[in-house]
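J.: model the following, please.
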Amino acid sequence: MRFGITARSSPALATLVALSISLAGCSSGSLGSSGGKDKLTLDFLVPTGPDSLPVGEQLAKDFSRAHPDIKVDVEARPGGGEGDNVVKTRLATGEMADVFMYNTGSLFRAIDPKKNLVPVSDEDWVRDLDDLFLPTASVGGKVYGAPFGSNMGGGVLYSRKVYADLDLKVPKTWDQFMANNAKIKKAGIAPVIQTYQETWTSQLFVLGDYHNVAAEEPDFAKKYTANDVKYATSPAALKGFQRLQEVHDAGYLNKGFASATYEQGLRMIGKGEGAHYPMLTNAITPVIKAVPSAKDDMGFFALPGEDAAKNGLTAWAPSATYIPKSTKGEKLKAAKEFLAFLASPAGCKSINKAQPPSGPYSVKGCELPADAPQAVKDTQRYFEDDAVTPALEFLSPVKGPALEQICIEVGSGIRPAKKGAQLYDKDVAKQAKQLGLKGW
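T.: This next block holds a predicted model:
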């Protein structure tokens, strides 16, 4: 996802770019040595940050333990736009690491997989990947990546304690959600947490609503890409902006929402100081680290739409690990073995050691740990019920860079929903023209 963040790494951790500077200076050799003379060494490039670098290091360690003749050295790169430039530059110059972790979806397509990456469609493990992941790492009918991490949901983290105390039920429609908010406010608790100090957090009511958009307009993504429909003219798509405005106008936001930080939002939902936090499920682990009791006290539900019968989740596939065409010979063979490890139950167990999953895995045979947080189990149920729609960014390359600022304006009462949607449509048009899309 390009949430101003993206699924490649936790958006909130973009603030750790300072850390990336020191880590990016570490060469692959500084993070590990090849050991014996006969040991083949693979370089593995991953973004810095607590949700990616530790996972990459754990995978490297466990794979090398299982394959004593192969050593995987982990190299760190910055996240965000700076990291994008690193990946594109190294691919263009033929100096990419032997394997590297990067986004799926629209950003993956932007690095020209046919030209730069090795397809892995014929590998046996590809048959064990789920239908959400496969299209996000595929171009022209060929698969290029193995999943790095678990699926994510975009919806609402909620306080199960508040819900129990007020005898509330998980809403399946927007009207039910707003009715719950009214009762929560009456009880003196902030109904909806927003943390606009960190701008990327403002987008969930729009991006996380895509399942509901698709339920009302099944061909929205295709028409959107062709410039045949817009947010301001589609009743279904406009609702995301309208809901941002509704919760603000009803007085349901936390005090100081304009200056509140992501970390404050995590603590608020963890402690039950706010009842709802629109967020990605990769925030579950940080909440529990901040407030351990949230493991049981916090749940998750999808953003409610108009029809309870069509209730479902907008989902983000994990990032992936790819092999550049510059990897050849014995290293190519070893790199394919490494991807096979990632796309296996053993790889999932390795990831679990470094970081609890934020949702179910994309690999057949991978199971959530028995002690998974309640919010993760809640997320899994949507996948089990086949009530999941990929986020729009996995279905269309069109995404405007100004969405987070526009959402803040609408969510703060500065700009009405319709005006915000119209402004975003103009932002999207600029991006689509830069991509050279037909019809724009």
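
J.: longest helix in this protein, by residue count?
T.: Criterion DSSP state H: the longest helix present in the chain is helix 417-435.

J.: how about that one as CSV, C-alpha atoms only?
T.: C-alpha atoms of helix 417-435 as CSV (Å, rounded to 0.1, in the frame of the first residue of the first chain):
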residue,chain,number,x,y,z
ALA,A,417,-16.2,15.8,2.1
LYS,A,418,-17.3,16.6,-1.5
LYS,A,419,-14.6,19.3,-1.9
GLY,A,420,-12.0,16.9,-0.5
ALA,A,421,-13.0,14.2,-2.9
GLN,A,422,-12.8,16.7,-5.8
LEU,A,423,-9.4,17.9,-4.7
TYR,A,424,-8.2,14.3,-4.5
ASP,A,425,-9.5,13.5,-8.0
LYS,A,426,-7.3,16.4,-9.3
ASP,A,427,-4.3,15.0,-7.3
VAL,A,428,-4.9,11.5,-8.8
ALA,A,429,-5.1,12.9,-12.3
LYS,A,430,-1.6,14.4,-12.0
GLN,A,431,-0.2,11.0,-10.8
ALA,A,432,-2.0,9.0,-13.6
LYS,A,433,-0.6,11.3,-16.3
GLN,A,434,2.9,10.9,-14.8
LEU,A,435,2.5,7.1,-15.1
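
J.: check the offset of that helix from the chain's centre.
T.: Relative to the centre of its chain, helix 417-435 is centred 22 Å away, using Cα atoms, centre = their mean, to the nearest Å.

J.: outside of that helix, which residues touch it?
T.: 227, 230-232, 237-238, 241-242, 244-245, 397-403, 406-407, 409-410, 415, 440 (Cβ atoms under 8 Å, 6 or more residues apart in numbering). In this view, the C-beta of every residue, glycine as well, is placed from N, C-alpha and C.

J.: and for stretch 115-128?
T.: 91, 96, 111, 113, 134, 141-146, 322-325, 327, 332, 335-336, 339-340, 343-344, 363-365.

J.: in strands only, show me those.
T.: 142-143, 145-146, 322 (DSSP state E).

J.: next, format those residues as a markdown table and append pLDDT and distance to residue 301.
T.: Putting the ones in strands among the contacts of stretch 115-128 into a markdown table (pLDDT from 0 to 100; distance: Cβ to Cβ, whole Å) gives the following:
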| residue | pLDDT | distance to residue 301 |
| --- | --- | --- |
| 142 | 97 | 36 |
| 143 | 98 | 32 |
| 145 | 98 | 30 |
| 146 | 98 | 30 |
| 322 | 98 | 33 |
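
J.: got a pLDDT number for the nearest residue to residue 396 once chain neighbours are set aside?
T.: Excluding the flanking residues, the one nearest residue 396 by Cβ to Cβ, 6 or more residues apart in numbering is residue 225, at 4.4 Å. With respect to pLDDT, residue 225 scores 95.

J.: ok, how many other residues are close to residue 225?
T.: 19 (other Cβ atoms under 10 Å).

J.: cool, and residue 159?
T.: There are 27 residues near residue 159, going by other Cβ under 10 Å.

J.: what pairs with it across the strands?
T.: Residue 159 has the following beta-bridge partners by DSSP bridges: residue 298.

J.: distance-wise, check it relative to residue 272.
T.: 4 Å (Cβ to Cβ, to the nearest Å).

J.: now do the shared contacts for those two.
T.: Joint contacts of residue 159 and residue 272 (Cβ under 8 Å, 6+ apart) are residue 297.

J.: can you pull the contacts of residue 168?
T.: 162, 180, 183-184 are the contacts of residue 168 under Cβ under 8 Å, 6+ apart.

J.: if you set the cut-off to 10 Å instead, what comes out?
T.: Applying Cβ atoms under 10 Å, 6 or more residues apart in numbering, we find residue 168 in contact with 158-160, 162, 176, 179-181, 183-184, 275.
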